[in-house]
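A.B. asks: starting from these lines, generate the structure:
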Amino acid sequence: MANSITDVQGITVGCREDLQALTGCTVVLTGREGAVCGVDVRGSAPGTRETDGLAPINMIDRVHAIVLSGGSAYGLESAGGVMQYLEELGIGHQTGPTVVPIVPAAVIYDLAVGDFRVRPDKEMGYLTAKEAVLQVKEGNVGAGAGATVGKIRGYEHCTKGGQGSWSMTLENGLTVGAIVVVNAFGDVINTNGQIIAGVRNDDGKGFMGTETAWLQNNISPVFGMATNTTIAVVACNAKLNKSSMTKVAQMAHDGLARVINPIHTMCDGDTVFALSTGGIQADVNLVGYLAGKVLSEAVLRAVSAAQTIQGFRCSKD
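C.D. replies: As a prediction, the model looks like this:
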């Protein structure tokens, strides 16, 4: 067991990053047969691709990959490289002369860190998909390379975010896993209610917290800009349809709300995709509940694994 989203049968993950430019790409592949997929977008500043097709009333019910990327809207280009890679393998929705891989995507804003001129592109998407494996990396990797959290006072008082993953398996074989890129406007809070990553005090040695900064009107001029987003994929080996997986995506957002405060603001683009690879009969309510649990843990792991880089201090520093 990898204790990550790849514990779900059929799921592999590729990560590629540029630690000079502080940006990167994460690709979740779902295997040759694809996976049933739902999505729920709760943030009000999302950067997404092909989410409309995942609505329960629409035709396509299987996806062949999910892309999580840095680079803001520019990073959506990386999904084209994933499509190219899958088409070369003959993986995708059959259309007659060729296949069309279904590759939804979501992005974070990382243009204000590193080098804004470097963004995940088609080549990075292709290479990331090609390198997908069972072992999932955490911290300053993939789309988490340029992630930060707690930005109400500006980047000089924020904390390094990153990528994290976790999974749970029940005795009956039901497995639910998550991978997340944490680039939140708010703070990350542990199960004891303590801020472990977020808005720092003036001396940088402790956390002021977003709520305190807000109430004291200690707000940066960039406050309110759409420069934040937590994006995630949850996956399970339950046998559920697209309507049920949409509900799982909705319930998974509860996991984000337990450990990120505030969340789902006008300057966040929080998006959760939910995948089902099938096999186990399971109650959608249980799957959704577990999705929230593993996603909470993945968020905590993301900021705990992050490392200080280019002056952006991690939670341990």
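
A.B. asks: what about the helices in the stretch 201-317 of the chain?
C.D. replies: Remark: helices assigned in the stretch 201-317 of the chain by DSSP state H, counting those that start in this stretch are 210-215, 242-259, 284-305.

A.B. asks: render the CA-only coordinates of the second one in CSV, please.
C.D. replies: The one in question is helix 242-259. Taking Å, rounded to 0.1, in the frame of the first residue of the first chain, the C-alpha atoms of helix 242-259 are listed here in CSV:
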residue,chain,number,x,y,z
LYS,A,242,-21.7,10.0,-12.4
SER,A,243,-24.6,11.5,-10.3
SER,A,244,-23.2,9.6,-7.3
MET,A,245,-19.6,10.8,-8.0
THR,A,246,-20.9,14.4,-8.2
LYS,A,247,-22.3,13.9,-4.7
VAL,A,248,-18.9,12.4,-3.6
ALA,A,249,-17.1,15.5,-4.9
GLN,A,250,-19.6,17.8,-3.0
MET,A,251,-19.1,15.9,0.2
ALA,A,252,-15.3,15.9,-0.2
HIS,A,253,-15.3,19.7,0.0
ASP,A,254,-16.3,19.2,3.7
GLY,A,255,-12.8,17.8,4.2
LEU,A,256,-11.3,21.0,2.9
ALA,A,257,-13.5,23.1,5.1
ARG,A,258,-12.4,21.1,8.2
VAL,A,259,-8.7,22.1,7.7
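
A.B. asks: buried set for that helix?
C.D. replies: 242, 244-253, 255-259 (16 or more other C-beta atoms under 10 Å). For glycine as for every other residue, the C-beta is placed from the backbone atoms N, C-alpha and C.

A.B. asks: which two from these end up farthest apart in space?
C.D. replies: With distances taken as C-beta to C-beta, the most widely separated pair in the buried residues of helix 242-259 is 242 and 259, at 27.4 Å.

A.B. asks: point out where the chain drops to low pLDDT.
C.D. replies: Confidence mapping of the chain against pLDDT under 70 gives the ranges 224-226.

A.B. asks: what's the burial count for the nearest residue to residue 218 once chain neighbours are set aside?
C.D. replies: Using C-beta to C-beta, 6 or more residues apart in numbering and skipping the chain neighbours, the partner closest in space to residue 218 is residue 153 (6.0 Å). Neighbourhood size, residue 153 [other C-beta atoms under 10 Å]: 21.

A.B. asks: thought residue 153 was touching residue 219?
C.D. replies: Yes. Using C-beta atoms under 8 Å, residue 153 is in contact with residue 219, at 7.0 Å.

A.B. asks: identify the contacts common to the two.
C.D. replies: Common neighbours of residue 153 and residue 219, counting by C-beta atoms under 8 Å, 6 or more residues apart in numbering, are residue 213.

A.B. asks: pretty sure the residue nearest to residue 218 sits in a strand.
C.D. replies: No. Under DSSP: H, G, I helix; E, B strand; the rest coil, residue 153 sits outside any strand and is assigned coil.

A.B. asks: that one and residue 181, how far apart?
C.D. replies: 22 Å (C-beta to C-beta, to the nearest Å).

A.B. asks: ok, the residue nearest to residue 218 - contacts?
C.D. replies: Contact analysis of residue 153 by C-beta under 8 Å, 6+ apart lists 199-200, 208, 213, 218-220.

A.B. asks: how does it look with 7 Å?
C.D. replies: Under the criterion of C-beta atoms under 7 Å, 6 or more residues apart in numbering, the neighbours of residue 153 are 199, 213, 218-220.

A.B. asks: need the helices of the stretch 201-317 of the chain in TSV with distance to residue 227, can you?
C.D. replies: Formatted as TSV, the helices of the stretch 201-317 of the chain follow (distance: least, C-beta to C-beta, whole Å):
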stretch	distance to residue 227
helix 210-215	14
helix 242-259	18
helix 284-305	18
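
A.B. asks: residue 17: which of these is closest?
C.D. replies: Of these, nearest to residue 17 by C-beta to C-beta is helix 284-305, at 13.4 Å.

A.B. asks: run through the bridge partners of residue 160.
C.D. replies: residue 148 (DSSP bridges).

A.B. asks: phi, psi for residue 35 please.
C.D. replies: For residue 35, the backbone dihedrals are phi -140, psi 150 (criterion: degrees, to the nearest 10).

A.B. asks: element containing residue 78?
C.D. replies: If you go by DSSP states H and E, residue 78 is part of helix 78-88.

A.B. asks: so what's the residue count around the nearest residue to residue 186 once chain neighbours are set aside?
C.D. replies: Leaving aside its chain neighbours, residue 186 sits nearest to residue 262 (4.5 Å; criterion: C-beta to C-beta, 6+ apart). Residue 262 has 15 neighbours, counted by other C-beta under 10 Å.
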